[in-house]
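>>> coords please:
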Amino acid sequence: MNKNKFLYLCLILSAFVRGNEVSFSEVTKLDADTIQISFLLEKVSYLKSYSLVNPSRLVIDVYNSKLNSEINEAYNFPVRKISATSEEGLTRIVIDLYEFVRWEKPVQIKTDKGILLNLVISKDKKLKKNTRDIVIGIDAGHGGKYPGAVGSNNILEKDVTLLIAKELERTLRDTQGYRPVMIRDGDETVSLNDRYQRARQYAADILVSVHADGFRLASVKGASVFIWSEEASSTVALNLSEKQRKRIQADIKNLKTEDFNEDEARVLYPEIYIKKIQQSEALGIKILDQLKSDPFTKIHKKNVEYADFRVLKSIDIPSVLVESGFITNPEDAERLKKKKGRRMIARSIFLGINDYFIENPIEGTFAEDNPSHLNYEIQKGDVLSEIAIRFGVTVESISKTNNLDNKSIYPGQIIKIEI
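Numbering: from 1, shown residues only. The predicted model follows:
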């Protein structure tokens with residue numbers, strides 16, 4: 001490493017450490033079985049959180065940080081003790097437990113006092129290990145003052161992407177083991193910076209950005225899947241990259257001091273970023289394979305494409321961008337204007353996500369046990385035919401698996417979906 005690069009790395013590291021102090025905040029009882037443990041940070045951080053079995057513990061590693069003061073707090077059941085230590089820029093928070101718990105990945109919430117790092121724990125006597133849901137970040141492209149592409153039938157990209165995102169959110173929400181988080185859930189203007197910043201703050205395990213762009217030639221059509229690269233893989237990819245670059249420079253300048261700097265982090269953690277790109281490609285392939293099997297969706301490119309999309313550039317969160325079609329193409333526009341067409345895109349994304357996690361399971365989640373089925377909770381208004389479409393299975397297979405035999409289904413009922 002040359003001297004200039006070494007000095008640059010030292011400056012970055014020192015800036016990270018100086019600007020991120022960790023202190024214990026409070027423990028809040030949310031209900032009879034659930035508590036929230038809170039810490040205060042000075043800025044949004046790069047975290048790793050995981051569970052241990054023997055002894056039962058939850059661990060949060062806060063990178064490039066230091067403790068305000070020693071943390072060593074005894075607490076009540078199910079928490080035995082809350083402690084933390086700092087060494088060489090790494091703060092390790094340890095939650096010692098009396099038993100196994102359900103837990104949520106810690107989120108980072110901006111407040112007037114700083115960044116609240118919140119960890120939620122729930123008691124569950126049935127558990128044989130600490131368990132959490134897989135968190136899926138869903139980014140509906142554009143929104144607010146950024147309408148995106150405009151179709152020949154006057155449909156707007158921002159509306160199409162939000163409808164697809166909500167279809168995906170619904171399936172994930174009602175499938176046990178997943179927890180969706182929406183980057184935007186309405187007609188909201190969200191900057192490119194805020195999109196990936198929110199994915200980190202919400203503790204997303206992966207990020208899927210949904211688009212339905214346009215092109216100068218109306219003949220260009222079909223769905224595509226992209227991951228990040230400085231070099232575009234096609235003319236269309238280059239065109240889409242250039243559209244974003246017009247907004248990128250302004251967004252970079254507007255990065256807030258309390259935000260996490262992904263660009264600097266890529267310099268500090270190149271190995272982590274390389275692994276993230278490999279994981280993104282694996283995720284993209286799974287989603288693209290599902291899109292290819294959808295009889296209603298045409299494919300623009302048969303392989304995962306590459307483009308310089310800033311929303312995909314987090315250092316550690318596998319991230320893909322799904323182009324559901326080109327609404328400047330009449331055929332694609334007509335397909336995406338209808339609920340059936342949008343639902344098929346959402347289904348392909350969901351099944352691709354599930355395939356990815358079955359092959360790349362996260363320890364302490366449902367996918368670790370390599371399940372042959374998913375558990376779905378019936379919602380008010382659900383009918384078996386709609387559920388079958390959402391999961392790409394038949395009504396007959398659902399009925400047989402669950403021994404329904406023309407029995408009525410009811411809200412709150414858990415049924416198995418063989419995958």
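
>>> On the pLDDT front, check residue 239 for me.
On the pLDDT scale, residue 239 is placed at 65.

>>> Ok, residue 231 next?
For residue 231, pLDDT reads 73.

>>> That one against residue 306, yeah?
Yes - counting by C-beta atoms under 8 Å, residue 306 is a contact partner of residue 231 at 6.5 Å. All C-beta spots, glycine's among them, are computed from the backbone N, C-alpha and C.

>>> quick one, which of these two is more surrounded?
Taking other C-beta atoms under 10 Å, residue 231 and residue 306 do not tie; residue 306 has more neighbours (21 against 10).

>>> Look up how far residue 229 lies from that one.
Per C-beta to C-beta, to the nearest Å, residue 306 is found 3 Å from residue 229.

>>> So, low pLDDT: which residues of the protein?
1-19, 232-254 (pLDDT under 70).

>>> to the chain's geometric centre, what's the distance from the longest helix belonging to it?
Scanning the chain for the longest helix, with DSSP state H as the assignment, gives helix 270-293. Taking C-alpha atoms, centre = their mean, to the nearest Å, one finds the center of helix 270-293 at 13 Å from the center of the full chain.

>>> Can you name every helix or strand that it contacts?
Using 3 or more C-beta pairs under 8 Å, 6 or more residues apart in numbering; DSSP states H and E as the contact test, the elements touching helix 270-293 are strand 224-228, strand 319-323, helix 339-359.

>>> Show me what the last one is packed against.
I take that to be helix 339-359. Here helix 339-359 touches helix 157-173, strand 206-211, helix 270-293, helix 330-337, helix 384-391, going by 3+ C-beta pairs under 8 Å, 6+ apart.

>>> Tell me both backbone torsions, phi and psi, for residue 110.
Main-chain torsions, residue 110, degrees, to the nearest 10: phi -70, psi 130.

>>> show me what contacts the residue minimising distance to the centre of the chain?
Closest to where the C-alpha atoms of the chain average out (C-alpha atoms, centre = their mean) is residue 137, at 2.5 Å. Residues counted as contacts of residue 137 (C-beta atoms under 8 Å, 6 or more residues apart in numbering) are 181, 183, 198, 199, 202, 204, 206, 207, 208, 317.

>>> swap in residue 302?
Listed by C-beta under 8 Å, 6+ apart, the contact partners of residue 302 are 288, 292.

>>> three-state assignment of it?
When classified by DSSP: H, G, I helix; E, B strand; the rest coil, residue 302 comes out as coil.

>>> go on, residue 404?
When classified by three-state DSSP, residue 404 comes out as coil.

>>> hang on, the earlier thing: tell me which of the contacts of residue 137 fall in helices.
If you go by DSSP H, the contacts of residue 137 have 198, 199 in helices.

>>> quick one: which of the contacts of residue 137 is nearest to residue 325?
Within those, the smallest distance to residue 325 is 15.8 Å, found for residue 208 (C-beta to C-beta).

>>> which residues does that closest one contact?
Residue 208 sits next to 136, 137, 138, 139, 168, 287, 319, 320, 321, 322, 349, 353 when contact means C-beta under 8 Å, 6+ apart.

>>> do that again at 7 Å, thanks
Contact analysis of residue 208 by C-beta atoms under 7 Å, 6 or more residues apart in numbering lists 136, 137, 138, 139, 320, 322, 349.

>>> for those residues, which one is nearest residue 300?
Using C-beta to C-beta, residue 322 comes nearest to residue 300 of the contacts of residue 208, at 11.2 Å.

>>> so that closest one bridges to which residues?
residue 210, residue 225 (DSSP bridges).

>>> winner for burial among the helices and strands packed on helix 339-359?
strand 206-211 (a mean of 26; mean count of other C-beta atoms under 10 Å).

>>> Just the CA coordinates for that one, please, in PDB.
Output in PDB follows, covering the C-alpha atoms of strand 206-211 (Å, rounded to 0.1, in the frame of the first residue of the first chain):
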ATOM      1  CA  ILE A 206     -31.400  -7.700   1.400                       C
ATOM      2  CA  LEU A 207     -32.800  -4.800  -0.600                       C
ATOM      3  CA  VAL A 208     -35.000  -5.200  -3.700                       C
ATOM      4  CA  SER A 209     -35.600  -2.000  -5.700                       C
ATOM      5  CA  VAL A 210     -38.500  -2.200  -8.100                       C
ATOM      6  CA  HIS A 211     -38.700  -0.100 -11.300                       C
END
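
>>> Quick check: closest non-adjacent residue to residue 370.
Distances taken as C-beta to C-beta, 6 or more residues apart in numbering put residue 358 closest to residue 370, at 6.4 Å, once the chain neighbours are dropped.

>>> Counting neighbours, what do you get for the one you found?
Neighbour count for residue 358, taken as other C-beta under 10 Å: 16.

>>> distance of it from residue 374?
On the measure of C-beta to C-beta, residue 358 and residue 374 end up 10 Å apart.
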